[in-house]
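*Asks:* here is my input, please return the structure:
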Amino acid sequence: MPEGRTIGAVDIGGTKIAAGIVDYEGRVLASEQCPTAQERGFDDGVDRIAAMLRSCAVRANAKIDGIGIGSTGPVYPRTGEIGDVEFLKSWKGANLVEALEARFSVRTALENDADAATLGEAFRGAGRGKSQVLFVTVGTGIGVGMVLNGELYRGVDDAHPEIGHQVIDASGPPCYCGARGCWETLAAGPAMTAWMNEQGPRAGLSAKQICAMAAAGDTLAREAVEREAHYLGLGLANLVNVFCPEVIVLGGSVMGSAALFLNGIRTEIRRNCTQVPSERTEIRLASLGAHAAIIGAACVWDHRFVAKGERSVVES
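*Replies:* Below is the predicted model:
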């Protein structure tokens, strides 16, 4: 964003809403949060967002020059409307961009929260200075956001691509989407838990517990980790073959134990990407930490309203 500007940033999730003030360098100057409480209705939600933004601006001694929003989806970035979101049923069809513009008289931009996080890592985090960045989050599911040629990629009708549902093994476990062997059924956190459950005596362990056991040398847990790295690597190899990105940034709860997976992931990429310069694709870990969602939301505004040439000065 242009030097001197401070942006109001809003991250809307299923259980909480966070708001903050972010400066030119991507520093969070102040932040607050409250429960989403969608049952209280859209107008109440907007009132609480506005109150948090004003409070943060006072604490940061800053003027709000624009507002960026990352929201659980589906959302409609070009119109500012909230779609049919499971956790925001009472907000369906409401226009959050118009509501906040009316209260603050500044330009406001909305994106899906996964795309907001991608923009944050691409322009202020591990992908900074690169034009081709994929951000892959591995947790209870697998999500992928893409910045290609310096621009956020959206599909037809502004759809967010569901790359976690690429089929890795057509004879694999059924997925809620209706297919079998989707990437996230084989490589998201619950996939490790499901595999361990099948082994019998280690049933009921979380992915975090399995990783801790593997790090401590447990043989079966290490086998679960190797299986996870194999399937993560296959899905990432597909992305390298299709997009040839400069950087793939890995985030999400499972990547809290990234050291257990990275060698296996890189092995699968080398094995399966022989027709593209896969050695030029860097694998990096997400770097924005606890404030990633707020920084990403600010980058939504930056990406929408700041000219690409001006952004490139900041990114270099």
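
*Asks:* what comes up buried for stretch 272-285?
*Replies:* The neighbour-count check on stretch 272-285 (16 or more other CB atoms under 10 Å) flags N272, C273, S278, T281, I283, R284 as buried. C-beta coordinates here come from the backbone N, C-alpha and C atoms, glycine included.

*Asks:* if you could redo that for stretch 257-277, that was the one I meant.
*Replies:* Neighbour-count burial for stretch 257-277, counted by 16+ other CB under 10 Å, picks out S257, A258, L260, F261, L262, G264, I265, R266, E268, I269, N272, C273.

*Asks:* where do the helices sit along the stretch 201-316 of the chain?
*Replies:* Along the stretch 201-316 of the chain, counting by DSSP state H, counting those that start in this stretch, helices occupy 207-215, 219-243, 262-272, 292-305, 308-315.

*Asks:* nearest to G150, out of those helices?
*Replies:* Checking these against G150 by CB to CB gives helix 308-315 as the closest, at 5.9 Å.

*Asks:* average pLDDT across that closest one?
*Replies:* Helix 308-315 comes out with an average pLDDT of 50.

*Asks:* rewinding a little: return the closest of the buried residues of stretch 257-277 with respect to A117.
*Replies:* A258 (16.7 Å).

*Asks:* one step back: kindly reformat the helices of the stretch 201-316 of the chain as TSV containing distance to A122.
*Replies:* Below are those laid out as TSV (distance: least, CB to CB, whole Å):
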stretch	distance to A122
helix 207-215	26
helix 219-243	14
helix 262-272	20
helix 292-305	8
helix 308-315	9
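
*Asks:* highest mean neighbour count out of those?
*Replies:* Most buried of the helices of the stretch 201-316 of the chain by mean neighbour count (mean count of other CB atoms under 10 Å) is helix 292-305; its value is a mean of 27.

*Asks:* mind checking how far it is from the chain centre?
*Replies:* In this view, helix 292-305 has its centroid 12 Å away from the chain centroid, taken as CA atoms, centre = their mean, to the nearest Å.

*Asks:* tell me what that helix is packed against?
*Replies:* Identification of packing neighbours for helix 292-305 by 3 or more CB pairs under 8 Å, 6 or more residues apart in numbering; DSSP states H and E yields strand 7-12, strand 16-22, strand 28-35, strand 67-71, strand 108-112, helix 113-124.

*Asks:* from the buried residues of stretch 257-277, which single one is nearest A290?
*Replies:* Nearest to A290 out of the buried residues of stretch 257-277 is A258 (CB to CB; 17.0 Å).

*Asks:* relative to T185, how far out is the closest one?
*Replies:* Distance, A258 to T185, by CB to CB, to the nearest Å: 21 Å.

*Asks:* so who does the most centrally placed residue in the chain touch?
*Replies:* Central residue of the chain (CA atoms, centre = their mean): A114, 3.5 Å from the mean position. When contacts are counted by CB atoms under 8 Å, 6 or more residues apart in numbering, A114 touches G73, F135, T137, G143, V144, G145, H160.

*Asks:* what does the pLDDT read for it?
*Replies:* Confidence at A114, expressed as pLDDT, is 88.

*Asks:* now the one 4 residues further on
*Replies:* Model confidence at T118, given as pLDDT, is 95.

*Asks:* try L250
*Replies:* On the pLDDT scale, L250 gets 97.

*Asks:* you'd agree it is up against L285?
*Replies:* Yes. Counting by CB atoms under 8 Å, L250 touches L285, with 5.6 Å between them.

*Asks:* identify the contacts common to those two.
*Replies:* Common neighbours of L250 and L285 (criterion: CB under 8 Å, 6+ apart): A258.

*Asks:* G178: neighbouring residues, count only.
*Replies:* Close neighbours of G178, defined as other CB atoms under 10 Å, add up to 8.

*Asks:* you'd agree it is in a helix?
*Replies:* No. Counting by DSSP: H, G, I helix; E, B strand; the rest coil, G178 is not found in a helix; it is coil.

*Asks:* how about the contacts made by the closest residue to M52 other than its chain neighbours?
*Replies:* In space, and not counting its chain neighbours, M52 is closest to A19: 3.8 Å by CB to CB, 6 or more residues apart in numbering. Residues counted as contacts of A19 (CB under 8 Å, 6+ apart) are G8, A9, V10, D11, S31, E32, Q33, I49, M52, L53, C56, I294.
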